[in-house]
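Participant: Need a 3D model of the following:
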Amino acid sequence: MKKTLTLALSVLASMSQALNAYANDYITLASTTSTENSGLFDAILPKFEEATGVQVRVVAVGTGQAFEIARRGDADSLLVHDTTGEQRFVENGYASQRADVMYNDFVLIGPANDPANISGAKSAAEAFLAIANAEAPFTSRGDDSGTNRAELRFWENAGVEPDGDWYRELGSGMGPTLNTAAAMDAYVMSDRATWVAFGNPQNLTLLFEGDDVLFNQYGSLLLSEEKHPHLKHDLARRWHNWLMSGVGQQAIAEFRVNGQQLFFPNAK
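Facilitator: Down below sits the predicted model:
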């Protein structure tokens, strides 16, 4: 009887260890709303998890918030789209490595009648200037996301400091911002992936695209082991390396919405 009890306790202990190990086979990824809202993660995460046995739990927020989450040590990995901010994050010691993963572009959306006539613009700066001159309603995410940071650079390039009743800073993600623009018949800048996947365009249409400055690069960062030794660095590195591998890059390239490829792998 004693031997049987000892054996049972031993089996239970082994099962407990196995369950604890399984429960720890995940990472928390701080990333942008565009990768989540577009459906990219729904497409590629199952492939990574099947190949490695590691789950990825995504916290989808604006890039500025994602940086803050990672800075506090509340995420194991980071995938965002603000190259300047990412490089600064590495320089300040919060990440040990950054790598290009994929890219797409930003587009300008607006009401089909295009009151500011941006569809005829020859550059993004000209399009933004036309919106400001017309004081046409414009909805901005206003959330310190990668998209919001890029939008503010484009206003600056156009020589405009957006202000007044026509410019609405919402403090919300890309999907809610598009919904507000649709309700207001307003202009809005979006990453192409979220726009293509958006299901409520109403009277909105894509009006301006193609300027090289609208290039939108995404990067993966390995966080600092020195600042945050408690993080799951080994598992995070497996995710980081998979994204840049041939298999990961192919998974990104194969993701499509309405027949359109939304992200273009460019890992070096």
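
Participant: what lines up beside the top strand by length along the chain in the sheet?
Facilitator: When every strand of the chain is counted residue by residue (DSSP state E), the longest turns out to be strand 95-111. Within its sheet, strand 95-111 is paired with strand 187-191 (antiparallel), strand 204-208 (antiparallel), strand 215-223 (antiparallel), strand 264-265 (antiparallel), according to DSSP bridges.

Participant: What average pLDDT does the last one get?
Facilitator: For strand 264-265, mean pLDDT rounds to 98.

Participant: okay, now Asn157: neighbour count?
Facilitator: 14 (other C-beta atoms under 10 Å). Backbone N, C-alpha and C define where each C-beta goes, glycine included.

Participant: Is the nearest residue in space to it that is not next to it in sequence within a helix or a strand, and which one?
Facilitator: Leaving aside its sequence neighbours, Asn157 sits nearest to Ala125 (C-beta to C-beta, 6 or more residues apart in numbering; 4.8 Å). Following DSSP states H and E, one finds Ala125 within helix 124-134.

Participant: Does anything pack onto that helix? Which helices or strands?
Facilitator: Under the contact criterion of 3 or more C-beta pairs under 8 Å, 6 or more residues apart in numbering; DSSP states H and E, helix 124-134 touches helix 146-157, strand 204-208.

Participant: Can you lay out these as CSV showing mean pLDDT?
Facilitator: Converted to CSV, the helices and strands packed on helix 124-134 look like this (pLDDT from 0 to 100):
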stretch, mean pLDDT
helix 146-157, 96
strand 204-208, 98
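
Participant: now these as CSV including distance to Pro115?
Facilitator: As requested, the helices and strands packed on helix 124-134 are arranged in CSV below (distance: least, C-beta to C-beta, whole Å):
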stretch, distance to Pro115
helix 146-157, 18
strand 204-208, 11
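
Participant: Ok, which of the ones you listed comes nearest Leu222?
Facilitator: Leu222 sits nearest to helix 146-157 of all the helices and strands packed on helix 124-134, at 18.7 Å, using C-beta to C-beta.

Participant: what does that closest one contact?
Facilitator: 32, 34, 62-64, 80-82, 85, 106, 124-125, 128, 132, 140-142, 161-162, 174, 189-191, 213, 216 (C-beta atoms under 8 Å, 6 or more residues apart in numbering).

Participant: follow-up on the earlier one: deepest-packed of the strands paired with strand 95-111, please.
Facilitator: strand 187-191 (a mean of 28; mean count of other C-beta atoms under 10 Å).

Participant: For that one, list the C-alpha coordinates in PDB.
Facilitator: Taking C-alpha atoms only, strand 187-191 is exported to PDB below (Å, rounded to 0.1, in the frame of the first residue of the first chain):
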ATOM      1  CA  TYR A 187     -10.200  61.900 -44.500                       C
ATOM      2  CA  VAL A 188      -7.900  59.400 -42.700                       C
ATOM      3  CA  MET A 189      -4.500  57.800 -43.100                       C
ATOM      4  CA  SER A 190      -4.400  54.100 -42.600                       C
ATOM      5  CA  ASP A 191      -1.900  51.300 -43.100                       C
END
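
Participant: So that it lines up with my notes, have the first residue be 13 from now on.
Facilitator: Shifting the count to begin at 13 puts that one at strand 199-203.

Participant: Run through who's touching it.
Facilitator: 46, 50, 93, 116-123, 128, 130, 143, 148-152, 159, 162-163, 166, 186, 189-190, 193, 210, 216, 219, 228.

Participant: so which helix or strand takes in Arg69?
Facilitator: strand 67-72.

Participant: Tell me the strands beside that strand, with direction?
Facilitator: Sheet pairing for strand 67-72, using DSSP bridges, gives strand 38-43 (parallel).

Participant: Could you list the alpha-carbon positions for the strand it pairs with in CSV?
Facilitator: Extracted as CSV, the C-alpha positions of strand 38-43 are listed here (Å, rounded to 0.1, in the frame of the first residue of the first chain):
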residue,chain,number,x,y,z
TYR,A,38,4.3,30.7,-24.5
ILE,A,39,5.5,34.2,-25.0
THR,A,40,3.7,37.5,-24.7
LEU,A,41,4.1,39.6,-27.9
ALA,A,42,3.5,43.4,-27.8
SER,A,43,2.6,44.4,-31.3
